Structure formats: C-alpha cells, structure tokens
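In: give me the fold of what follows.
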Amino acid sequence: MLASKYRLKKRMNFARCEIDGRLIQSRSFGVEIYDRKDKDNSRFGFIISTRISKKAVTRNKIKRIISDYLRLNLGKIKTGLDIVFLIKPLIVKLNREQIEKEINEIITKNLQK
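Out: A predicted model of the protein is given here:
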C-alpha cells in the first residue's frame with residue numbers, strides 16, 4: 001500500500017489532473033499526469049468504476065496490485081507529479097505480471113527521472 005503522502009485524496013486534485021493534465025492511454029488503463037512544478041513527492045490516485053467489476057474485492061485487488069508496484073518503484077518516477085490511473089475493463093482479464101509490465105512501459109516512456 002502506498003503511504004499517505006503518496007496518495008491523492010481531494011476531489012480538487014483529481015479534477016486538476018483531468019482538466020490541466022495530459023492523458024496517456026494504455027490497453028488496460030489511462031493515465032492522467034499533471035506536473036505541479038515543485039519537488040514534493042509524486043502523488044497517485046485511482047479511478048475504478050463498478051462497470052469494471054461489481055465486486056469490491058476485484059476492484060480493490062487491482063488497486064493493490066498497481067499501488068504495490070508503484071510503491072516498489074517510486075525511485076524511478078519523477079517528483080512533483082499528480083498521477084491518476086483510469087482503469088479500463090480489460091484489466092480484469094490480466095494477471096499481476098501483465099499489469100506490472102504495462103505500468104513499467106508507461107513509467108519508462110513518460111514518467112522516468
């Protein structure tokens with residue numbers, strides 16, 4: 001689980017990512033990135049609808065997989081970013097390794113230091 005200082009919590013921050021951020025699409029999720037222009041920790045948020053799965057267990061599992069991967073790879077990601085993951089229905093069919101591979105591709109192309 002990501003520490004509290006690495007999580008987006010306020011609706012205003014999610015909205016700012018949507019309005020002013022740039023969107024990068026992947027097969028199983030989209031990523032909205034807003035550069036805050038400061039050197040504080042990057043913060044992450046997740047939007048996963050009940051359309052993805054009616055079961056909270058499944059939605060939480062997906063969030064845990066992504067959050068755990070980000071926690072272990074925080075050193076690779078630029079500081080001062082607000083990042084929101086917009087989960088797509090295809091992610092339910094993927095296993096942990098496939099999800100992590102896809103996140104790694106996004107990080108290396110767009111978020112790396």
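In: in the helix ranked longest in the chain, what counts as buried?
Out: Longest helix of the chain, by residue count under DSSP state H: helix 56-72. Neighbour-count burial for helix 56-72 flags 59, 62-63, 65-67, 69-70 (criterion: 16 or more other Cβ atoms under 10 Å). For the C-beta atoms, the positions are set from N, CA and C on the backbone; glycine is no exception.
In: do I have it right that K78 meets K113?
Out: Yes - between K78 and K113 there is a contact under Cβ atoms under 8 Å: 5.4 Å.
In: between these two, which is the more surrounded one?
Out: Using other Cβ atoms under 10 Å, the more surrounded residue of K78 and K113 is K78, with 15 against 8.
In: follow-up on the earlier one: mind putting the buried residues of helix 56-72 in CSV, pLDDT and distance to A15 included?
Out: What follows is these, written out as CSV (pLDDT from 0 to 100; distance: Cβ to Cβ, whole Å):
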residue, pLDDT, distance to A15
R59, 96, 21
I62, 96, 22
K63, 95, 20
I65, 96, 26
I66, 96, 21
S67, 95, 21
Y69, 95, 25
L70, 95, 21
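In: residue closest to the middle of the protein?
Out: In the chain, the residue lying closest to the centroid (Cα atoms, centre = their mean) is F85, at 3.5 Å.
In: any idea which element it lies in?
Out: Using DSSP states H and E, F85 falls within strand 81-87.
In: now the helix or strand just after that strand against strand 81-87, angle please.
Out: Going down the chain from strand 81-87, the next helix or strand is helix 96-106, by DSSP H and E. Calculated by axes from the mean of the first three to the mean of the last three Cα atoms, to 10 degrees, helix 96-106 forms an angle of 140 degrees with strand 81-87.
In: number of residues surrounding the residue lying closest to K5 once chain neighbours are set aside?
Out: Of all residues not flanking K5 in the chain, N41 sits nearest, at 5.5 Å (Cβ to Cβ, 6 or more residues apart in numbering). Neighbours of N41 under the rule other Cβ under 10 Å: 15.
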